[in-house]
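coords please:
(4 chains)
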4 protein chains.
Amino acid sequence: MATDRPMQLGMVGLGRMGANLVRRLIRDGHDCVVYDVNEEAVTALQGEGATGATSLRDLAGKLERPRAVWLMLPAGIVQSTLDQLVEVLDAGDTVIDGGNSYYRDDITRAQQLAAKQLNYVDCGTSGGVWGLERGYCLMIGGEDEPVDRLDPIFATIAPGTGTAEPTPGRTRDGTAPHGYLHCGPNGAGHFVKMVHNGVEYGMMAAIAEGLSIIRHADAGVKEQTVDAETAPLRDPDAYRYDIDVAEVAEVWRRGSVVASWLVDLLADALAQSPELTDFRGRVSDSGEGRWTLIAAIEESVPAPVIGAALFERFCSRGLGHFSDAALSAMRAEFGGHAEKKDRP
Amino acid sequence: MATDRPMQLGMVGLGRMGANLVRRLIRDGHDCVVYDVNEEAVTALQGEGATGATSLRDLAGKLERPRAVWLMLPAGIVQSTLDQLVEVLDAGDTVIDGGNSYYRDDITRAQQLAAKQLNYVDCGTSGGVWGLERGYCLMIGGEDEPVDRLDPIFATIAPGTGTAEPTPGRTRDGTAPHGYLHCGPNGAGHFVKMVHNGVEYGMMAAIAEGLSIIRHADAGVKEQTVDAETAPLRDPDAYRYDIDVAEVAEVWRRGSVVASWLVDLLADALAQSPELTDFRGRVSDSGEGRWTLIAAIEESVPAPVIGAALFERFCSRGLGHFSDAALSAMRAEFGGHAEKKDRP
Amino acid sequence: MATDRPMQLGMVGLGRMGANLVRRLIRDGHDCVVYDVNEEAVTALQGEGATGATSLRDLAGKLERPRAVWLMLPAGIVQSTLDQLVEVLDAGDTVIDGGNSYYRDDITRAQQLAAKQLNYVDCGTSGGVWGLERGYCLMIGGEDEPVDRLDPIFATIAPGTGTAEPTPGRTRDGTAPHGYLHCGPNGAGHFVKMVHNGVEYGMMAAIAEGLSIIRHADAGVKEQTVDAETAPLRDPDAYRYDIDVAEVAEVWRRGSVVASWLVDLLADALAQSPELTDFRGRVSDSGEGRWTLIAAIEESVPAPVIGAALFERFCSRGLGHFSDAALSAMRAEFGGHAEKKDRP
Amino acid sequence: MATDRPMQLGMVGLGRMGANLVRRLIRDGHDCVVYDVNEEAVTALQGEGATGATSLRDLAGKLERPRAVWLMLPAGIVQSTLDQLVEVLDAGDTVIDGGNSYYRDDITRAQQLAAKQLNYVDCGTSGGVWGLERGYCLMIGGEDEPVDRLDPIFATIAPGTGTAEPTPGRTRDGTAPHGYLHCGPNGAGHFVKMVHNGVEYGMMAAIAEGLSIIRHADAGVKEQTVDAETAPLRDPDAYRYDIDVAEVAEVWRRGSVVASWLVDLLADALAQSPELTDFRGRVSDSGEGRWTLIAAIEESVPAPVIGAALFERFCSRGLGHFSDAALSAMRAEFGGHAEKKDRP
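The predicted structure follows:
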């Protein structure tokens, strides 16, 4: 199923996502010139049909004009790479930032590039390690011209219409049913991707909380501590279930209202380790959830669920320690409550 | 694709869900005797191959022993119907409650029926109006014997394995990949369904909040009120996007981490009405979310996201009025802040 | 400052609160007969002017009819003590439960006692270890007759009007400005006390979170980890403050909007240990916060702040572990994100 | 009780807070030169002993060097006023911003003024309309020299030690027990004031939610709607209390753990209007709560309670409408749930 409009793309950054984007493009008939500071990553993709480059200048030299160069880099090094890249590009070329940059940086960078008659496109890319086979959902920001020109690239990277049933009530055309969308001017792509990740935080937390409630449906079986510091379970007989959480996640995958890719993934993790013993539960957050919440605050949009999900992650990493110590200190002051020593 | 183990089932309650369960069963070769206080509902299903009954006694008379009778009723009338039904059943018969009963009632009812040597099975049924074609996710509680005996019924109602990709890491057998699961003794089915709905609340809220943040990405375009009571938007240039929310929902359906049936549904609603003008935003809750949160509290499991989602629904219905008035009253007391009169 | 209406009261349970209630009563001219399973506690109060009792029966024998017996016991042993006590009381006597019983138990217990023509009064008692000097805030439920009869007792235990400025807008009479209130029929006292504690959870959390935000105003000084898993601080120069949290708590005690007894207490704790090193931050909860949240749910009243405060306490005790592990598991599945090993 | 170190201060902005600061200063023996665009405000204070000025230049001319000028202005006009003011000041003069500016602006403004050898002091001022008699809690940021020089001014404006009991565990000296604190370099004062307001949001919400739960303790008395969309109250007999909320607020003022100025204020509001009928419950927020939450996010400090309180305010103003409509839309899609039409 090769594209009928093959294009050429430069890819900078050959980590898992960058490399898989290249594989998906090559597989569909596009021509890729690839570069990474890690030479092995370049060599590996050369073996799969890509053209290797030894520097940004070399990459630029191997691309026909107007060039299109996709950056797939950690947010922290996008700016410095971009600064070098623009030195070797020419008017009319386009840079696509496919990583998780903050959309406000896109606005600044697009202005910076526009001053050199370069186009800037921000492209939020969702799909993770599964994107190679599943396709990537693309949320794109930028001027119409470069975005339209790059359509064959986006169409190849995106999942395509066949990957989900058509939306019954839908009558419009457009690329959204193919899994990619030009969301608006510069920054709009990363804005939508940012919020996508905020939604992801909330959905993940809802699922995790629910399965934890099911996991602890045996609370009434455990011996009850009776002291002034512990609320006894009022009706232990209502909590005597020993429910197989892994099977619950599996059954929710079909026909239920909560059926979702995240439930699919958790069912997979639980199938491998029903008690999730490989995980200590220190949940990272890589920025988008924070930025989403800040956007909600600045827009005056209530987002209590996304907020609770973000702070739950902070708590999981022990970041609430001082606050919790202050609570215990107040309890000790007014009630003479010493902290309980043993883990409940 | 008819079942190879046809059974007979009595269905009491022929609302949308009850009627569709009957259709799905008939279609797969099972024999259904149906009853509803609404005679037209009975007549309609007779026309589709069901056997009609004029009363619970008539229904019992038309079923072979050991009978299986499925109740698909609003939670408020389950108990009274059950009280009548047990009068016309015999030892060894089974009643399945497929509605949204509180799992604590299941425990009581199962004891009530056991005293008459009747079996009780609680079956949480998810799938809504789409279940006829999509199949229903079933979460089942009860003794092994009746649950095992009814397996062909559950297998027909459930979606079946083909409706989702197999879970890669899964090595176990069991019915979960078919979309139904015997979760544990009485109440376990409705317990899992209850939490399922709690998870649903959280996922829905995450999606809704996110799309609202995208919807209001134009906050910087609107004229800013400047007074001591309103925080001005610090960087309006960062909020000048006019993003098509309906297209965002559509693009998230494929390849994204948030891909889910709920996003599918919202994409459909937005395709029909991009501003959702048919909805005033008074969001009902029918009990399971509340019960889930109570379970979390009693089990000592943190559930801040599900909690926030539940209270967001309460707020949407104006139930926070007294609390909000108290906030305004305190502000008026300490700061002389009069409430702002115009809607923001 | 002795009462002009001295009464006699039996006190059962001579822990810190019970003993201090007795001291406050004796000091004001009331006559107390005291009992505790711990004989030393009885002896100690005898030395301060109370009449000791060796059993509930002995206590009853030393009280004039109609008797008034105050229980000041852990919630877990109230019922068993009450069962024994009613055996030695007579029609017309009154039992006051001054502990932290669940108000629903009050309803049941009042009915149980009414059957024997005994009066039951539930009395939520706030004030902690400071009540001896500061007085106790009393929230009372029960029939009018016994509550009115016990007025001199309540008036002595309560702080009295002098302890706070009069409310400017107040024109009504009543006991509330004295620090005690007959809230309604049985259970109403403990209901109001329960909610009082729920409010306390929320206020405490607000203060603790705020001081933690001030404590971490030096976030920009710390070295920043740069990797794909960590969001870098966007503007470290805005977070270079080393603010003395103990002094902040002290300054907020006077003239500020947040001035409160809880801030007073935390200022005291921080004065003694600015880093709160004696506290691990495992915050107990003893039931009222949970019950308050359940009441909010059942009444359909939004209580997102009290809910967040309760769940924050659960998290502080590690009770979110399974949920957090599930989040990490999902992240590992979709993004290949390994958990970070070191504490941030 | 006049100060023994009288100083001279220019006050720009004679709204309620600015005027009351001047009154407090004059009363204590300081000399004030006052200016406002509203001439009547100037005239009024002249009648109380202040020296009036007709322009910023006039004000500067009437102050001895090194001058101290206090701005008490809405955040939105601080910058423009400051720009004009610096034109008429001389090296060594000091500007104090006593309003609710964002602390990040303080950092910029201090640099701007330093370039002209002017000192900048940011001073968060809490106390509202009650500050004239109660004194204002001052949170101060800036260089040591100007802050030390202005000590007599701060000492007069602050409440003073007598307004609260000494903190028992405190052994340190310092100004905090007098109600003012030099928190750190520029911005630190407004940072602490910002968080103070965030704490205020959380405390207010806790109190308001709690009183609402008490207000609705009669939920079981109201007729119950029974339909599939409404969860019936499981135990209506537990919610048959008609509790006087105004009296509860009053009784909490003395001896309780939640005793606080905010409870004092709400008791006053409820004494005047027990149903708070003057308030529609549209709760404004003027920026500090938002900024506090953003600081928590950027510092990685969990602040679920302050977050919930902020979003509760947004909801009260109808800002969750689109999100709520999306929830109703999803419910309609999966369950055929029409929204309920009547207000509960």
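
look at residue A:163 and report its pLDDT.
Residue A:163 is assigned 89 on the pLDDT scale.

ok, for it, nearest residue in space, not its chain neighbours?
residue B:254 (4.9 Å; C-beta to C-beta, 6 or more residues apart in numbering or on different chains). (Each C-beta comes from the backbone N, C-alpha and C, glycine too.)

that neighbour: what's it in contact with?
A:135, A:137, A:158, A:159, A:160, A:161, A:163, A:164, A:177, A:178, A:179 (C-beta atoms under 8 Å, 6 or more residues apart in numbering or on different chains).

at 7 Å instead, please
Contacts for residue B:254 (C-beta atoms under 7 Å, 6 or more residues apart in numbering or on different chains) come out as A:135, A:137, A:159, A:163, A:164, A:179.

make sure I have this right: it is in a helix.
No - applying DSSP: H, G, I helix; E, B strand; the rest coil, one finds residue B:254 to be coil, outside a helix.

measure it to residue C:254 for me?
Applying C-beta to C-beta, to the nearest Å, the value for residue B:254 to residue C:254 is 60 Å.

for stretch A:309-319, which positions count as buried?
A:309, A:310, A:311, A:312, A:313, A:314, A:315, A:316, A:317, A:319 (16 or more other C-beta atoms under 10 Å in any protein chain shown).

I'd assumed residue A:199 was in contact with the first one.
Same thing as residue A:309. No - using C-beta atoms under 7 Å, residue A:309 is not in contact with residue A:199, being 9.5 Å away.

sec struct for residue A:330, please.
Looking at residue A:330 with three-state DSSP, the answer is helix.

any idea how far it is from chain D?
Separation of residue A:330 from chain D (C-beta to the nearest C-beta, to the nearest Å) stands at 9 Å.

got a list of what that residue touches?
Counting by C-beta under 7 Å, 6+ apart, residue A:330 has contacts C:204, C:262, C:265, C:266, C:269.

average pLDDT for the host helix or strand of residue A:43?
For residue A:43, the host element (DSSP states H and E) is helix A:39-46. Here the mean pLDDT over helix A:39-46 is 97, rounded to a whole number.

repeat that for stretch A:175-183.
Rounded mean pLDDT across stretch A:175-183 is 98.

any residue of that stretch up close to chain B?
Yes - Stretch A:175-183 reaches chain B (C-beta under 7 Å from any C-beta of the partner chain) through A:176, A:177, A:179, A:180, A:181, A:183.

quick one: end-to-end length of that stretch, please.
11 Å (C-alpha to C-alpha, to the nearest Å).

quick one, helices of the stretch 51-200 of chain A?
In the stretch 51-200 of chain A, helices defined by DSSP state H, counting those that start in this stretch lie at A:56-61, A:75-87, A:103-114, A:131-134, A:144-149, A:151-157, A:188-215, listed in chain order.

looking at those helices, which is buried most?
Ranked by mean neighbour count, those are led by helix A:188-215 with a mean of 29 (mean count of other C-beta atoms under 10 Å in any protein chain shown).

so how far is chain C from residue A:134?
In this view, residue A:134 and chain C are 10 Å apart by C-beta to the nearest C-beta.

what does the stretch 51-200 of chain A have sitting close to chain C?
A:74, A:76, A:128, A:129, A:130.

wait, the second one sits on residue A:287?
The reference is to residue A:76. No - assessed by C-beta under 7 Å, residue A:76 is found out of contact with residue A:287, at 10.2 Å.

re the thing from before, just the buried residues of stretch A:309-319: which are in helices?
A:309, A:310, A:311, A:312, A:313, A:314, A:315, A:316 (DSSP state H).

quick check: the last one vs residue B:117, distance?
When C-beta to C-beta is the yardstick, residue A:316 and residue B:117 sit 50 Å from each other.

can you tell me which strand in chain A is longest?
strand A:119-126 (DSSP state E).

now it - C-alpha only, CSV.
Only the C-alpha atoms of strand A:119-126 are listed here, as CSV (Å, rounded to 0.1, in the frame of the first residue of the first chain):
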residue,chain,number,x,y,z
ASN,A,119,8.5,27.7,7.4
TYR,A,120,7.9,26.2,10.8
VAL,A,121,5.4,23.4,11.5
ASP,A,122,4.6,22.1,14.9
CYS,A,123,3.3,18.5,14.9
GLY,A,124,2.1,16.8,18.1
THR,A,125,2.7,13.1,17.6
SER,A,126,0.8,10.5,19.7
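
remind me what it packs against, helices and strands.
strand A:94-97, helix A:103-114, strand A:137-141, helix A:144-149, helix A:188-215 (3 or more C-beta pairs under 7 Å, 6 or more residues apart in numbering or on different chains; DSSP states H and E).

swap in 6 Å and give it another go.
Contacts defined by 3 or more C-beta pairs under 6 Å, 6 or more residues apart in numbering or on different chains; DSSP states H and E place strand A:119-126 against strand A:94-97, helix A:103-114, strand A:137-141, helix A:188-215.

got CSV for the ones you listed, with mean pLDDT and distance to residue C:219 too?
Converted to CSV, the helices and strands packed on strand A:119-126 look like this (pLDDT from 0 to 100; distance: least, C-beta to C-beta, whole Å):
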stretch, mean pLDDT, distance to residue C:219
strand A:94-97, 98, 27
helix A:103-114, 97, 20
strand A:137-141, 98, 30
helix A:188-215, 98, 21
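
please produce JSON lines containing these, extended by distance to residue C:195.
JSON lines is the format used below for these (distance: least, C-beta to C-beta, whole Å):
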{"stretch": "strand A:94-97", "distance to residue C:195": "52"}
{"stretch": "helix A:103-114", "distance to residue C:195": "43"}
{"stretch": "strand A:137-141", "distance to residue C:195": "46"}
{"stretch": "helix A:188-215", "distance to residue C:195": "25"}
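
of all these, which one is nearest residue D:323?
Each of the helices and strands packed on strand A:119-126 has some distance to residue D:323 by C-beta to C-beta; the shortest is helix A:188-215, at 11.6 Å.

on that earlier part again, adding distance to residue D:2, write the helices of the stretch 51-200 of chain A out as JSON lines.
Shown next, in JSON lines, are the helices of the stretch 51-200 of chain A (distance: least, C-beta to C-beta, whole Å):
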{"stretch": "helix A:56-61", "distance to residue D:2": "73"}
{"stretch": "helix A:75-87", "distance to residue D:2": "59"}
{"stretch": "helix A:103-114", "distance to residue D:2": "53"}
{"stretch": "helix A:131-134", "distance to residue D:2": "75"}
{"stretch": "helix A:144-149", "distance to residue D:2": "72"}
{"stretch": "helix A:151-157", "distance to residue D:2": "76"}
{"stretch": "helix A:188-215", "distance to residue D:2": "57"}
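
redo those helices as CSV? Include distance to chain B.
Output for those, formatted as CSV (distance: least, C-beta to the nearest C-beta, whole Å):
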stretch, distance to chain B
helix A:56-61, 27
helix A:75-87, 17
helix A:103-114, 5
helix A:131-134, 6
helix A:144-149, 14
helix A:151-157, 9
helix A:188-215, 3
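
relative to residue C:92, which of those helices is closest?
Between those, helix A:188-215 lies closest to residue C:92; by C-beta to C-beta that is 48.3 Å.

could you identify the helix or strand that succeeds that closest one?
helix A:245-251.

please name every helix or strand in contact with the helix or strand bottoming out on mean pLDDT in chain A.
Every helix and strand of chain A was ranked by mean pLDDT, DSSP states H and E. The lowest is helix A:131-134, at a mean of 92. Applying 3+ C-beta pairs under 6 Å, 6+ apart, we find helix A:131-134 packed against helix A:16-27.

residues near the residue nearest to residue A:166 when sequence neighbours are not counted, how many?
Nearest residue to residue A:166, sequence neighbours excluded (C-beta to C-beta, 6+ apart): residue A:177, at 6.8 Å. Using other C-beta atoms under 10 Å in any protein chain shown, residue A:177 has 24 other residues around it.

quick check: which element contains the residue lying closest to residue A:165 once chain neighbours are set aside?
Excluding its sequence neighbours, the residue lying closest to residue A:165 (C-beta to C-beta, 6+ apart) is residue B:264, at 7.6 Å. Taking DSSP H and E as the criterion, residue B:264 maps to helix B:261-272.

quick one, that helix and helix A:188-215 angle?
Counting by axes from the mean of the first three to the mean of the last three C-alpha atoms, to 10 degrees, helix B:261-272 lies at 140 degrees to helix A:188-215.
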